[in-house]
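**Student:** Sequence and predicted structure are below.
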Amino acid sequence: MWNLYDYFVRQYIDFSYYISDNYFYGDTSIESVTIPKGILAIGKSAFEGCTKLKSITVPESVTKIDERAFYNCPNLTFYGESGSYAEKYAKDNNIKFVITQPK
């Protein structure tokens, strides 16, 4: 599983609680992502074109997902808490959503 927190630490990247616009745009090597707690927003087209991305775990801290953030991710499933912004976003964008238990 691809863990963004581990990636950020290894790469010394500071997103200031935001995954930048177009950051992973077109990266076809990513299959699974866990967004770390504390990230507040996912930028425009951040994961657009990540065609192999199948699962993304979104913490309750994420309260904004910009347009096209997951455009052209055809087999994507969101994982997150019931009643979260991630659940609303997934439903509004016809993305499968699986409820996880809070940790």
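**Tutor:** On my side now, so go ahead.

**Student:** Report pLDDT for residue 16.
**Tutor:** Reading off the confidence values, residue 16 has pLDDT 64.

**Student:** mind listing the helices in this protein by residue range?
**Tutor:** Taking DSSP state H, the helices of the chain run over residues 4-11, 85-92.

**Student:** And the last one, how far out from the chain middle?
**Tutor:** Here the centre of helix 85-92 is set off from its chain's centre by 12 Å, with C-alpha atoms, centre = their mean, to the nearest Å.

**Student:** Use 44 as the first number for this chain going forward.
**Tutor:** Taking 44 as the first residue, the last one we looked at is helix 128-135.

**Student:** mean confidence score for that helix?
**Tutor:** For helix 128-135, mean pLDDT is 97.

**Student:** repeat for the first one
**Tutor:** With pLDDT averaged residue by residue, helix 47-54 scores 48.

**Student:** same question, stretch 90-100
**Tutor:** Mean pLDDT, taken over the full extent of stretch 90-100, equals 96.

**Student:** And the contacts of that stretch?
**Tutor:** By C-beta atoms under 8 Å, 6 or more residues apart in numbering, the list of residues contacting stretch 90-100 from outside reads 65, 67-78, 111-123, 143. The C-beta positions use only the backbone N, C-alpha and C, and glycine is treated the same way.

**Student:** same check, this time on stretch 111-127
**Tutor:** For stretch 111-127, contacts defined as C-beta under 8 Å, 6+ apart pick out 85-94, 96-103, 105, 129-130, 132-133, 136, 138-145.

**Student:** Show me just the buried residues among those residues.
**Tutor:** For the contacts of stretch 111-127, a burial check counting by 16 or more other C-beta atoms under 10 Å picks out 85-93, 96, 98-102, 105, 129-130, 132-133, 136, 138, 140, 143.

**Student:** out of the residues you listed, which are inside strands?
**Tutor:** 85, 98-100, 140 (DSSP state E).

**Student:** want to throw the residues you listed into CSV with distance to residue 60?
**Tutor:** Shown next, in CSV, are these (distance: C-beta to C-beta, whole Å):
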residue, distance to residue 60
85, 11
98, 22
99, 17
100, 17
140, 23
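
**Student:** any idea which of these is closest to residue 61?
**Tutor:** residue 85 (7.8 Å; C-beta to C-beta).
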